[in-house]
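**Q** How does the following fold in three dimensions:
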Amino acid sequence: MEIKLPAYFKYTVIILGILLLIWLMQMFKSVLVPLSFAMLFALLLLPVIRDMETKLKLPRPLAILISIVLIILVLGMVIWFLSIQLLSLTSELDTIGSNIGDLVDKVQQFLYRKFGIMPSGKSELVRNAVGGLQDIATTFLGNTISVTTGAIAAFTLVPIFVFCLLYYRDHLQQFMFQFVAKDRRSSMMQTVENIQSVVQSYISGLMIVIVIVSLLNAAGLLLLGVKYAIFFGIFASILTIIPYIGILIGALLPALFTLATTGHLIDAVLVVGVFMFVQFLEGNFITPLIVGSKVSLNPFAAIVALLVGGEIWGAAGMILSIPFIAMLKVIFDSYEPLKPIGFLLADIDEIALKRHGKVTSWFQEIWNGLGRGKKNKDNGKENL
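**A** Below is the predicted model:
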């Protein structure tokens, strides 16, 4: 006899299950975070390794090792460059501290002349506190090294996990088949291929966007004469992997640095203007043309996923939140009872695509309008 449970009891069990899952994710963070990054890299490298195995006739272990070594070399060069620039930047902390102290004096004098606000007498205190940034930076650097050591120890697991996931991929596929009936295995493989396509499109497109945005940021800062323009340009572009928030941090640091080194507010405003313009280009032209509609999440879902990922796994969770919520959306869309959740996460452009068979952004509409205008103009000339 089938026992029917009340709806409130089922929903309570679901909520408790989600809370238990979040607790387990936090408890086993040291293992799950490297494993999650390894899954993304494995999905990204899978087509390359398949081509090496089929076209170049390389053994699977050798193809995997070559791919991993190339990734490590590229990331190592980027980290080395940023480290050299950061060490050079810290050598100017004394000068920056002195400039900030002078800037505080100017602000207090302006407030006294315009509004009669007497200086608080804290100018020298601020000067001394900021002048001691070198000692603070040294202490912070020491603490950062200790924390980074643990992070490096954790991320050394990523190449190992990537190798295992790629080497045993056939075995993992057979493992998943053990839980699915034979008549449903084709649909399961289609879902897996969709997930792979989403992850590959997101990560590869993101890498291209980072390169383009870093070039635009650095070019704009070089035109303004900002010191360490290449460093700030690359640093801000890398932060774009954290949606919405990363670009704010990336623009704030060079703006404060410029204000501290030049003492002119207009220079800092111009730096912020450069990043706002590049962000406008990235959000409306670069990312839509490169990434396309593969990762089609609405901004509200992306922001919620970003905050939840940050609460669970910190910065790593913020980075992983968007690709993982996109993967979950693919699963929701393929499972009938969960399709409403997939609909909730979907972007309105994707909904329009399914309903009307086409999707156009405002940029595409303007572009199409210009094309139609040119065509009508040409037709008018022909009629004349």
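**Q** show me where the stretch 201-350 of the chain has strands.
**A** Counting by DSSP state E, counting those that start in this stretch, the stretch 201-350 of the chain forms no strands at all.
**Q** show me where pLDDT drops low in it?
**A** 243-244, 291-296, 349-350 (pLDDT under 70).
**Q** show me the biggest helix of this protein in terms of residues.
**A** helix 185-224 (DSSP state H).
**Q** Could you pull out the buried residues of that helix?
**A** Within helix 185-224, the residues that count as buried by 16 or more other C-beta atoms under 10 Å are 188, 191-192, 194-196, 198-203, 205-206, 209-210, 212-214, 216-218, 220-221. Using the backbone N, CA and C atoms, a C-beta is placed for each residue, glycine as well.
**Q** Also stretch 53-63?
**A** 58, 60, 63.
**Q** mind checking how far stretch 311-331 is from the chain centre?
**A** Averaging C-alpha positions (C-alpha atoms, centre = their mean, to the nearest Å) puts stretch 311-331 10 Å from its chain's average.
**Q** May I see the buried residues of that stretch?
**A** 312-313, 316-330.
**Q** What of stretch 331-342?
**A** Buried, per 16+ other C-beta under 10 Å, within stretch 331-342: 332-334, 341-342.
**Q** Pull the most distant pair out of those.
**A** S334 and I341 (11.8 Å; C-beta to C-beta).
**Q** returning to that earlier point: nearest to D183, of the buried residues of stretch 53-63?
**A** Of the buried residues of stretch 53-63, the one sitting nearest to D183 (C-beta to C-beta) turns out to be R60, at 30.4 Å.
**Q** list the contacts for that closest one?
**A** 49, 53, 166-167 (C-beta atoms under 8 Å, 6 or more residues apart in numbering).
**Q** about what we covered before: just name whatever secondary elements the longest helix of the chain is in contact with.
**A** Under the contact definition 3 or more C-beta pairs under 8 Å, 6 or more residues apart in numbering; DSSP states H and E, helix 185-224 sits against helix 29-54, helix 169-177, helix 229-238, helix 246-262, helix 265-281, helix 287-290, helix 299-334.
**Q** how about a cut-off of 6 Å?
**A** Under the contact criterion of 3 or more C-beta pairs under 6 Å, 6 or more residues apart in numbering; DSSP states H and E, helix 185-224 touches helix 29-54, helix 229-238, helix 265-281, helix 287-290, helix 299-334.
**Q** Among those, show me which one is buried the most.
**A** Burial of the helices and strands packed on helix 185-224 is given as mean neighbour count (mean count of other C-beta atoms under 10 Å); helix 229-238 ranks first at a mean of 22.
**Q** residues contacting S334?
**A** By C-beta atoms under 6 Å, 6 or more residues apart in numbering, the contact set of S334 is T191.
**Q** hmm, try it at 10 Å
**A** 187-188, 190-192, 194-195, 342 (C-beta atoms under 10 Å, 6 or more residues apart in numbering).
**Q** neighbours around V158, how many?
**A** Using other C-beta atoms under 10 Å, V158 has 22 neighbouring residues.
**Q** if I read this right, it contacts A316, doesn't it?
**A** No: in terms of C-beta atoms under 10 Å, V158 does not count as a neighbour of A316; the distance is 11.2 Å.
**Q** intersection of neighbour lists for those two?
**A** Between them, V158 and A316 share the contacting residues 33-34, 36-37, judged by C-beta under 10 Å, 6+ apart.
**Q** now whichever strand or helix holds L87 against helix 229-238, angle please.
**A** For L87, the host element (DSSP states H and E) is helix 60-90. Helix 60-90 and helix 229-238 meet at an angle of 130 degrees, taking axes from the mean of the first three to the mean of the last three C-alpha atoms, to 10 degrees as the criterion.
**Q** what distance separates helix 60-90 from the centre of its chain?
**A** Counting by C-alpha atoms, centre = their mean, helix 60-90 comes out at 18 Å from the chain centroid.
**Q** Please identify the buried residues of that helix?
**A** In helix 60-90, counting by 16+ other C-beta under 10 Å, buried: 60, 63-64, 66-68, 71, 85, 89.
**Q** If we ignore the residues flanking it in sequence, what's nearest L222?
**A** A229 (4.6 Å; C-beta to C-beta, 6 or more residues apart in numbering).
**Q** how close does that neighbour sit to S237?
**A** Separation of A229 from S237 (C-beta to C-beta, to the nearest Å): 12 Å.
**Q** Can you check which residues contact both of those two?
**A** Joint contacts of A229 and S237 (C-beta under 10 Å, 6+ apart) are 217-218.
**Q** does L56 sit in a helix, a strand or a coil?
**A** coil (DSSP: H, G, I helix; E, B strand; the rest coil).
**Q** Nearest residue to the middle of this protein?
**A** I241 (1.3 Å; C-alpha atoms, centre = their mean).
**Q** Let me see the contact set for the closest residue in space to it that isn't next to it in sequence.
**A** Counting by C-beta to C-beta, 6+ apart, I241 lies nearest to I319, which is 5.3 Å off, once chain neighbours are set aside. Residues near I319 by C-beta under 10 Å, 6+ apart: 33, 36-37, 40, 241-243, 246, 306, 309-310, 313.
**Q** In contact with the residue nearest to the centre of the chain, which residues are there?
**A** With C-beta under 10 Å, 6+ apart, I241 has these contacts: 203, 206-207, 209-210, 315, 318-320, 322-323.
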